[in-house]
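>>> Quick one, fold the following:
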Amino acid sequence: MTTTSIPRPAARRRLLGAAALGALMLATPGGFALAQDYPSRPINLIVGFPPGGSNDIVARILAPRLGDALGVPVVVVNKPGSNALIGTEFVARAAPDGYTITLASASPLVISPSTYAKMPFDALNDLVGITTVANTPELVAVHPSVQARTLQELIALSKTREVTLSSSGNGGLPHLAIELLRTATKGKILHVPYKGAGPAVTDTVGGHVDGVIMDLPALQTMVLDGRLRPIAITNKARAPSLPDTPTSVEQGVPSLLAFNWFAVMAPAKTPKPIVDKLYAALVKVAHSPEVKEAMVKVGVEPLTHPSPEAFAVFMREETARWGKVARDSGAKAD
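This next block holds a predicted model:
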């Protein structure tokens, strides 16, 4: 006769624990093994904009230091197009293994859902946020020939004639910042969209348009060289890299608040241990003295969240805020 022994309590707990662990590993195939070995090869950091823009600048400051923190190379890969939707979709569809991540920003994540008729991905469900790493305000700048040295003078000018302001394209953060300025001042302000930051800045420096609103890093060199005149920082606090340029709030237009933020995102279903490992490394790197100094030099400041969950709440709030601005202004992407 065969008998079956009944495990003692301690042994039973060990068996149950092993069974639970096995079930969890089955629920996330390879998740624990992958997380334990992660990272074991280079990580691709996708940037949805061309080289030279704010996202690219921030990515190239972070990448080598993040690689040092994780022990593997972090390679910046530019996949530009459609206000970063092409590059961001590439990451949303990538394997959720932590080896393909993106440095994204406000435009593709929280603005495009309200300015594009059809989105190729759902930022809140197809991606998992790790944390923001930095932020920068928009800068209002004009060609030196324009007869305006302050925001109020630019507004006064827009009451007498049409003022042309360029941006990096329809439906992005700079476009909405221009709409905020037009709504607040009721001035004759014409938005002139370009296919990227480079041509918009080039035409502004060449005097083909009166001014530009764009992320500070993309304009700072032109301002310091005297090729553009800074008018206003669209934030509540002045930018450390341009301390003499007053804010829009200081100049009597408190509703003109627009700052861009940069966040690292991974494909949805990326195992939580990998998300946590990336989060810890990013926070450490973003707040290191070396990275802080490099960021401030180009007009960017570190910005991180207390946890990936806190960043998820921030994402939802930003989606609602910019969605209202887009709807109120009627701004649409190409």
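
>>> In what element of secondary structure is residue 40 found?
Following DSSP states H and E, there is no helix or strand that holds residue 40.

>>> Count the neighbours of residue 132 for me.
For residue 132, the neighbour count with other CB atoms under 10 Å is 22. C-betas here are computed from N, CA, C, even on glycine.

>>> just residue 185 next, same as before
Neighbours around residue 185, by other CB under 10 Å: 21.

>>> Likewise for residue 142?
So residue 142, with other CB under 10 Å, has 23 neighbours.

>>> Setting aside sequence neighbours, what's the nearest residue to it?
Spatial nearest neighbour of residue 142, chain neighbours left out: residue 211 (3.7 Å); criterion: CB to CB, 6 or more residues apart in numbering.

>>> Correct me if wrong: that neighbour contacts residue 167.
No. Applying CB atoms under 8 Å as the test, residue 211 and residue 167 come out as separate, 10.4 Å apart.

>>> Show me what counts as buried in stretch 222-241.
Residues of stretch 222-241 classed as buried by neighbour count (16 or more other CB atoms under 10 Å): 222-223, 227-235, 238-239, 241.

>>> and if you look at stretch 50-67?
Neighbour-count burial for stretch 50-67 [16+ other CB under 10 Å]: 50, 53-59, 61-63, 65-67.

>>> from those residues, which ones fall inside helices?
54-59, 61-63, 65-67 (DSSP state H).

>>> of those residues, closest to residue 161?
Minimum distance to residue 161 across those is 30.6 Å, recorded for residue 54 (CB to CB).

>>> So the closest residue to residue 267 other than its chain neighbours: helix, strand or coil?
Closest residue to residue 267 apart from its sequence neighbours, by CB to CB, 6+ apart: residue 96 at 4.2 Å. Counting by DSSP: H, G, I helix; E, B strand; the rest coil, the backbone at residue 96 sits in coil.

>>> my guess is residue 96 meets residue 272, correct?
No. Between residue 96 and residue 272 there is no contact under CB under 8 Å: 11.0 Å.

>>> okay, these two: which has more neighbours?
The neighbour comparison of residue 96 against residue 272 (other CB under 10 Å) goes to residue 96, with 20 against 12.

>>> Not counting its neighbours along the chain, what's nearest residue 156?
Using CB to CB, 6+ apart, the nearest residue to residue 156 is residue 148, at 7.7 Å.

>>> And the pLDDT at the one you found?
On pLDDT, residue 148 comes in at 97.

>>> Residue 114 now?
In the predicted model, residue 114 carries a pLDDT score of 90.

>>> Ramachandran coordinates for the residue nearest to residue 121 when sequence neighbours are not counted?
Distances taken as CB to CB, 6+ apart place residue 92 nearest to residue 121, at 4.2 Å, with adjacent residues excluded. Main-chain dihedrals, residue 92, degrees, to the nearest 10: phi -60, psi -30.

>>> Verify the stated contact: residue 92 with residue 119.
No. Contact criterion CB under 8 Å: residue 92 and residue 119 do not qualify, at 10.3 Å.

>>> neighbour-wise, which of these two wins?
residue 92 (22 against 16).

>>> In three-state terms, label residue 257 for me.
At residue 257 the chain is in coil, as set by three-state DSSP.

>>> how near is it to residue 286?
23 Å (CB to CB, to the nearest Å).

>>> again, but for residue 304
5 Å.

>>> Which residues are in contact with each of those two?
Overlap of the contact sets of residue 304 and residue 286 (by CB atoms under 8 Å, 6 or more residues apart in numbering) consists of residue 133.

>>> Please say which of these two ends up with more neighbours.
residue 286 (25 against 20).

>>> how about the more buried one, phi and psi?
Per degrees, to the nearest 10, the backbone of residue 286 is at phi -60, psi -30.

>>> now residue 201
Dihedral angles (degrees, to the nearest 10) for residue 201: phi -70, psi -40.

>>> what about it, how many neighbours?
24.

>>> With residue 84 instead?
25.

>>> For the longest helix seen in the chain, name the packing helices and strands.
Using DSSP H to define each element, the chain has its longest helix at helix 308-329. The contact analysis (3 or more CB pairs under 8 Å, 6 or more residues apart in numbering; DSSP states H and E) places helix 308-329 against helix 112-115, strand 127-142, helix 173-185, helix 272-286.

>>> wait, what's in contact with the closest residue to residue 171 other than its chain neighbours?
Spatial nearest neighbour of residue 171, chain neighbours left out: residue 333 (2.8 Å); criterion: CB to CB, 6+ apart. Neighbouring residues of residue 333 by CB under 8 Å, 6+ apart: 82-83, 112, 115-116, 169-172.

>>> hey, C-alpha coordinates of stretch 164-177 in PDB?
Extracted in PDB, the C-alpha atoms of stretch 164-177 (Å, rounded to 0.1, in the frame of the first residue of the first chain):
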ATOM      1  CA  THR A 164       5.400  86.400 -37.200                       C
ATOM      2  CA  LEU A 165       6.600  83.800 -34.800                       C
ATOM      3  CA  SER A 166       8.200  80.500 -35.900                       C
ATOM      4  CA  SER A 167       8.100  77.100 -34.300                       C
ATOM      5  CA  SER A 168       9.400  73.700 -34.900                       C
ATOM      6  CA  GLY A 169       6.100  72.500 -36.300                       C
ATOM      7  CA  ASN A 170       2.300  72.300 -36.000                       C
ATOM      8  CA  GLY A 171       0.800  70.700 -32.900                       C
ATOM      9  CA  GLY A 172       3.900  70.800 -30.700                       C
ATOM     10  CA  LEU A 173       4.600  72.600 -27.400                       C
ATOM     11  CA  PRO A 174       6.100  75.800 -29.100                       C
ATOM     12  CA  HIS A 175       3.000  76.000 -31.300                       C
ATOM     13  CA  LEU A 176       0.700  75.900 -28.200                       C
ATOM     14  CA  ALA A 177       2.900  78.400 -26.500                       C
END
